[in-house]
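Enquirer: When you get a sec, could you give me coordinates for this:
(chains A and B)
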Amino acid sequence: MSLEGKVALITGGGRGIGRAIALKLASQGSDIIVNFFRRRETAEQTAKEIRALGVKAEVIRANVGDAAKIDEMFNAIADKFGHLDILINNAASGVGRPVMDIDVQAWEWTMNINVRACLLCAQRAAKLMGGQGGKIVNLSSLGSFLVWPTYAVVGVSKAALEALTRYLAIELAPLKICVNAIAASFVETEALKFYFAQGDSKVNISITPAGRMVTPEDVANVVAFLCSEEAYMIRGQTIIVDGGFSLHGSSLQWKGKDQ
Amino acid sequence: MTIEEQVREIVARITRVDKSIITRESTFKDIKADSLDIVQALVAVEETFGIEIPDEEARKFRNFGDFVSYVESRVAQRERV
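Expert: Numbers count the residues shown, from 1 in each chain, chains lettered A, B, ... in the order given. Purely as a prediction, here's the structure:
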């Protein structure tokens, strides 16, 4: 699997899962654009690690929840690289509240970042892929079909993202663009601490057949596969990367910290 | 309006509190701001003043006064450039 000469944009690529994806694609020879919003130092550090792998790295700040900022980001990419081969819609945000506390502000904030941004980025990316083909991978979550405490607005956004993935897969197919999604279970990142109390990890591990939590690298490996020509016939799918966690269904026993 | 007054108005609007209760000693916790309120306040202030406030810096703010001081120093820096 070689991505030599390719250009990949990873939204939210500075840290967590996005960082692991950026490093994985870079290790296969792709130049990388690291989009970030809140943590500049972290994104710059990731870019430094990418350059150490012998490829180019560009850092672009943009809140993908803001349509105008997405336009500015893609204008910068067009100026600097002239084309794009891979788009990883990884940036995500969310508000951990029970359904009765979700207000318009929380809904719009989450949906704009987790869904609308993926549509707008895919539209701009498809144009930059210029008929040469390309790959788009959207990062979803098991919360799109499982119900977790205070995860409602994020879960809804991820369900919408998976539906968007299917529509994009069909409508962008004539442009030779492969579109898929990945739904991971609890991945060990800083974001996880936001939703779950300490101690939940142990429960999660005990009901994961694979015997450990999913790592950012586990997700990055599947992204790399979906970005390879070997995955050409996989279209519009949401690949579950959870070590078998979701096979248990009703055995989720842990408590969310806000409950 | 001074920078402090402008920042106070933005924070009051986003956190839906009366601006008179926000003093330089107020913490985000005091005015019951959650993580969404905080990031939206940071973004609104960034756009108002044309500056960037990375989380690495925002995490150091102990209270509203620290937030205002940071904005003042960044605005002064921007004006020198």
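
Enquirer: Can you tell me which helix or strand of chain A has the lowest average pLDDT?
Expert: helix A:190-195 (a mean of 64; mean pLDDT, DSSP states H and E).

Enquirer: ok, which stretches of chain B are strands?
Expert: Assignment of strands within chain B using DSSP state E yields no ranges at all.

Enquirer: Enumerate the residues of chain B near chain A.
Expert: Within chain B, the positions adjacent to chain A are B:34-36, B:39-40, B:43, B:52, B:54-56 by C-beta under 8 Å from any C-beta of the partner chain. (Glycine included, C-beta is placed from N, CA and C.)

Enquirer: Spell out which two among those residues are the most distant pair, please.
Expert: Between any two of the residues of chain B next to chain A, the greatest separation by C-beta to C-beta is 22.4 Å, found for B:34 and B:52.

Enquirer: Now do the same contact list for residue A:26.
Expert: Taking C-beta atoms under 8 Å, 6 or more residues apart in numbering or on different chains as the definition of contact, the neighbours of residue A:26 are A:32, A:50, A:53, A:55, A:57.

Enquirer: Check residue A:76 too.
Expert: If you count contacts by C-beta under 8 Å, 6+ apart, then residue A:76 has residue A:60 around it.

Enquirer: looking at this, it is in a helix?
Expert: Yes. Using DSSP: H, G, I helix; E, B strand; the rest coil, the secondary structure at residue A:76 is a helix.

Enquirer: report the longest helix in chain A, please.
Expert: Ordering each helix of chain A by length in residues (DSSP state H) puts helix A:152-171 first.

Enquirer: Would you mind pulling up the elements that the helix or strand just after it packs against?
Expert: On the C-terminal side of helix A:152-171, the nearest following helix or strand under DSSP states H and E is strand A:177-184. Using 3 or more C-beta pairs under 8 Å, 6 or more residues apart in numbering or on different chains; DSSP states H and E as the contact definition, the elements that strand A:177-184 packs against are helix A:117-129, strand A:134-141, helix A:152-171, helix A:216-226, strand A:238-241.

Enquirer: backbone phi and psi for the residue minimising distance to the centre of chain A, please?
Expert: The centre of chain A sits closest to residue A:90, judged by C-alpha atoms, centre = their mean, with a distance of 2.2 Å. Phi and psi for residue A:90, reported as degrees, to the nearest 10, are phi -110, psi -30.

Enquirer: In what element of secondary structure is the nearest residue to it once chain neighbours are set aside found?
Expert: Ranked by C-beta to C-beta, 6 or more residues apart in numbering or on different chains and with sequence neighbours excluded, the top spatial neighbour of residue A:90 is residue A:18, at 4.2 Å. Under the assignment given by DSSP H and E, the secondary-structure element containing residue A:18 is helix A:16-27.

Enquirer: Residues contacting the helix or strand immediately after that helix in the chain, please?
Expert: On the C-terminal side of helix A:16-27, the nearest following helix or strand under DSSP H and E is strand A:31-36. Among residues not part of strand A:31-36, those counted as contacts by C-beta under 8 Å, 6+ apart are A:6-15, A:18, A:22, A:25-26, A:42-43, A:46-47, A:50, A:55-62, A:64, A:73, A:77, A:81, A:91.

Enquirer: filter the residues you listed to the buried ones?
Expert: A:6-15, A:18, A:22, A:25-26, A:42-43, A:46-47, A:50, A:55, A:57-62, A:64, A:73, A:77, A:81, A:91 (16 or more other C-beta atoms under 10 Å in any protein chain shown).

Enquirer: I'd like to know which of those are part of strands.
Expert: With strands identified by DSSP E, the entries of the buried ones among the contacts of strand A:31-36 that belong to them are A:7-10, A:57-61.

Enquirer: What residues does residue 12 make contact with?
Expert: Because you didn't say which chain, this covers chain A. A:18, A:35-37, A:64, A:90-92.

Enquirer: Please refer instead to chain B.
Expert: B:18-19, B:22.

Enquirer: Then residue A:18?
Expert: With contact taken as C-beta under 8 Å, 6+ apart, residue A:18 is in contact with A:10-12, A:34, A:88, A:90-91.
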